[in-house]
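Q: coordinates only, sequence not included:
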């Protein structure tokens with residue numbers, strides 16, 4: 001659960017603005033928490049004063065450091081919590097920034113008033129200064145609510161399903177296509193005929209074309225970025241079986257392109273998915289491997305790669321091999337038969353069973369169960385049941401691969417695992433995605449399962465590497 005602390009002089013304004021919205025409903029469902037903190041409650045002045053004249057003169061008053069600092073310590077307990085100062089002097093707020101903030105379990109928003117806040121406390125507690133536009137408001141509350149709304153809706157479960165946030169403006173750097181509702185004709189203007197055809201393929205093609213046209217006209221900067229993604233995807237498609245994770249990350253609008261180098265038909269790439277801290281890379285030689293390693297963001301959690309020399313470079317830089325894997329992908333568009341019928345999307349009612357079994361499969365009770373919680377809330381896990389009793393599950397990982405497959409021992413060999421995976425594959429096909437996954441080298445049974453379902457095997461072997469923390473032993 002993500003917790004938003006809002007330090008403000010007007011807490012009622014924050015709560016009255018957010019509580020009636022989708023964000024407020026998500027808070028009541030326990031998906032996030034809203035904590036509006038009155039800075040005045042922490043002043044040492046007996047009259048409740050929190051401002052004073054600025055040194056050096058000038059018009060207006062300035063919020064003092066002491067009450068802001070004490071309010072911040074009250075909600076963080078002195079912990080390092082990402083703290084956003086809402087100010088027109090900050091970096092422009094973007095959808096990518098919202099995705100970055102949505103990864104945090106806790107955020108503090110600091111709302112200024114008057115002529116601002118004493119610089120000393122800003123230097124002490126603020127990690128990000130952010131603006132919602134080149135204009136000045138009377139206070140930071142409205143801007144904070146704008147950002148909380150944009151961030152909160154990206155939290156799994158807030159919008160009700162994992163697809164809602166993708167079918168809108170700024171997805172994959174394209175603006176949303178035009179939308180129409182009843183009646184078919186209004187004031188002489190008709191709904192485009194293609195939308196009445198019932199042909200979902202034609203509708204999807206029309207919507208994509210409209211999104212591209214609208215983006216090129218209204219936001220050429222975004223369209224240029226979209227074209228860069230398309231070009232890189234086309235380059236990578238020459239070795240689709242090996243490059244499918246990067247191609248899918250690009251097509252889903254998740255990855256930032258941090259590095260590219262083209263040599264004939266070969267391509268060196270570094271992609272970074274900020275929403276989950278995962279890097280995907282391919283290097284041409286040790287020189288490009290070193291360049292890419294230099295560009296890995298500090299908050300990279302895991303990296304996927306296939307070159308042994310690149311693996312060794314990252315190991316020297318504080319990464320450890322999580323595992324060696326064979327990569328499979330399903331390129332056909334036909335849905336797979338699901339022979340075991342008692343399969344459905346998991347809900348939080350299924351969390352305890354799923355988390356305990358997943359932790360056991362990961363070889364230890366200390367495995368963080370927050371990942372399973374996030375995947376269930378994202379609508380990305382499916383379970384098999386027998387007369388109401390759960391007997392297995394499968395999931396789609398945060399970077400887009402199939403995995404997390406588990407079936408109770410008493411029910412293995414009955415096609416339950418194949419049906420679970422087929423069910424997940426069909427859900428991905430419905431969204432226009434190419435299913436792929438990684439099987440540990442040596443896991444012959446799982447490899448046979450993939451081949452039996454019609455998956456193709458990549459030519460290369462892949463490694464998942466994880467960042468080793470400085471205090472790990």
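A: Received, thanks. Since the model is a prediction, treat every value here as computed from it, not as a measurement. Numbers count the residues shown, from 1 in each chain.
Q: what about residue 152, distance to residue 1?
A: 11 Å (CB to CB, to the nearest Å). For the C-beta atoms, the positions are set from N, CA and C on the backbone; glycine is no exception.
Q: and if you look at residue 159?
A: Computed with CB to CB, the distance linking residue 159 and residue 1 is 16 Å.
Q: More neighbours: which of these two?
A: Using other CB atoms under 10 Å, the more surrounded residue of residue 159 and residue 1 is residue 159, with 18 against 15.
Q: Correct me if wrong: that one contacts residue 152.
A: No. Residue 159 lies out of contact with residue 152 (CB atoms under 8 Å); the separation is 9.5 Å.
Q: Now for these two: what residues contact both?
A: Residues within reach of residue 159 and of residue 152 at once, by CB atoms under 8 Å, 6 or more residues apart in numbering, are residue 22.
Q: For the protein, which residue occupies the most central location?
A: Centre of the chain computed as the mean C-alpha position; nearest residue by CA atoms, centre = their mean is residue 275, 3.3 Å away.
Q: Next, that residue: secondary structure please.
A: coil (DSSP: H, G, I helix; E, B strand; the rest coil).
Q: okay, now residue 241: neighbour count?
A: When neighbours are counted by other CB under 10 Å, residue 241 comes out with 15.
Q: which ones are touching it?
A: 327, 329, 456, 457, 458, 459.
Q: same thing with residue 208?
A: Per CB under 8 Å, 6+ apart, neighbours of residue 208: 174, 177.
Q: Next, it: secondary structure please.
A: helix.
Q: distance of it from residue 432?
A: Counting by CB to CB, the gap from residue 208 to residue 432 is 10 Å.
Q: cool, residue 457 as well?
A: 23 Å.
Q: same question, residue 254
A: Per CB to CB, residue 254 is found 14 Å from residue 432.
Q: Neighbour count for the two, which is higher?
A: Neighbours per residue (other CB under 10 Å) separate residue 254 from residue 432, with residue 254 holding more: 21 against 10.
Q: Surely that one and residue 399 touch.
A: Yes. Shown here, residue 254 and residue 399 form a contact pair, counting by CB under 8 Å, at 7.5 Å.
Q: Now do the shared contacts for these two.
A: In contact with both residue 254 and residue 399: residue 273, using CB under 8 Å, 6+ apart.
Q: one step back: name the residues contacting each of residue 152 and residue 1.
A: residue 32.
Q: low pLDDT regions in the stretch 51-200 of the chain?
A: 160-171 (pLDDT under 70).
Q: Can you show me the strands along it?
A: With strands called from DSSP state E, counting those that start in this stretch, the stretch 51-200 of the chain shows them at 51-52, 62-63, 83-92, 106-111, 128-131, 185-186, 189-190.
Q: Please name the residues that touch residue 246.
A: If you count contacts by CB under 8 Å, 6+ apart, then residue 246 has 236, 255, 269, 271, 280, 282 around it.
Q: Out of these, list just those in helices.
A: residue 236 (DSSP state H).
Q: coming back round to it: could you work out the most separated pair of the contacts of residue 241?
A: 329 and 459 (11.7 Å; CB to CB).
Q: who's more crowded, the two?
A: residue 329 (23 against 10).
Q: how about that one, phi and psi?
A: phi -140, psi 150 (degrees, to the nearest 10).
Q: For burial, what's the neighbour tally of the closest residue to it other than its chain neighbours?
A: Residue nearest to residue 329 in three dimensions, not counting chain neighbours: residue 436, with 3.9 Å by CB to CB, 6 or more residues apart in numbering. By other CB under 10 Å, the residues close to residue 436 number 25.
Q: now swap in the one 10 residues further on and tell me
A: Using other CB under 10 Å as the criterion, residue 446 is surrounded by 18 other residues.
Q: And it, how close does it get to residue 265?
A: 32 Å.
Q: do residue 116 as well
A: Residue 116 is 55 Å from residue 265, by CB to CB.
Q: Out of these two, name the residue with the larger neighbour count.
A: The neighbour count for residue 116 versus residue 265, taken as other CB under 10 Å, is higher for residue 116 (18 against 8).
Q: Quick one: residues contacting the more buried one.
A: Contact analysis of residue 116 by CB under 8 Å, 6+ apart lists 62, 63, 87.
Q: Going by residue numbers, what spans are strands in the stretch 351-473 of the chain?
A: 381-386, 389-396, 402-407, 436-440, 456-467.
Q: For the nearest residue to residue 53 once chain neighbours are set aside, list the residues it contacts.
A: Nearest non-adjacent residue to residue 53, counting by CB to CB, 6+ apart: residue 61, 6.4 Å away. Contact analysis of residue 61 by CB under 8 Å, 6+ apart lists 51, 52, 53, 54, 114, 115.
Q: For ChimeraX, write a command that selects the buried ones of these.
A: In ChimeraX syntax, the buried subset of the contacts of residue 61 is picked out as below (16 or more other CB atoms under 10 Å):
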select :51,114
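Q: Now the contacts of residue 61 in TSV, please, with extra columns for distance to residue 13.
A: Shown next, in TSV, are those (distance: CB to CB, whole Å):
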residue	distance to residue 13
51	18
52	23
53	25
54	25
114	16
115	20
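Q: Test my guess that residue 151 contacts residue 103.
A: No. Counting by CB under 8 Å, residue 151 does not reach residue 103; the two are 9.7 Å apart.
Q: Tell me which of those two has more neighbours.
A: residue 151 (26 against 18).
Q: Residue 96 versus that one, what's the distance?
A: 12 Å.
Q: Same question for residue 376.
A: On the measure of CB to CB, residue 376 and residue 96 end up 25 Å apart.
Q: tell me the contacts of residue 11?
A: By CB under 8 Å, 6+ apart, the residues touching residue 11 are 36, 37, 38.
Q: Sorry, wrong one. I was asking about residue 9.
A: 38, 39, 40, 50, 111, 113, 139.
Q: how near is the fifth one to residue 47?
A: In this structure, residue 111 and residue 47 are separated by 21 Å, where distance is defined by CB to CB.
Q: who's more crowded, those two?
A: Under the neighbour definition other CB under 10 Å, residue 111 and residue 47 were set side by side, and residue 111 has more, 28 against 5.
Q: close enough to count as contact, the more buried one and residue 138?
A: No. If you go by CB under 8 Å, residue 111 and residue 138 don't touch, sitting 10.7 Å apart.
Q: re earlier: do you know which of the strands of the stretch 351-473 of the chain lies nearest residue 203?
A: Here strand 389-396 is closest among the strands of the stretch 351-473 of the chain (CB to CB), at 24.6 Å.
Q: What mean pLDDT does that closest one get?
A: Averaged over strand 389-396, pLDDT sits at 98.
Q: what pairs with that strand, and is each one parallel or antiparallel?
A: Applying DSSP bridges to the sheet, strand 389-396 is found paired with strand 381-386 (antiparallel), strand 402-407 (antiparallel).
Q: so can I have JSON lines of those strands showing distance to residue 127 and mean pLDDT?
A: Output for the strands paired with strand 389-396, formatted as JSON lines (distance: least, CB to CB, whole Å; pLDDT from 0 to 100):
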{"stretch": "strand 381-386", "distance to residue 127": "32", "mean pLDDT": "97"}
{"stretch": "strand 402-407", "distance to residue 127": "33", "mean pLDDT": "97"}
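Q: Of the ones you listed, which is nearest residue 321?
A: strand 402-407 (17.5 Å).
Q: Tell me what angle the closest one forms with strand 436-440.
A: 60 degrees (axes from the mean of the first three to the mean of the last three CA atoms, to 10 degrees).
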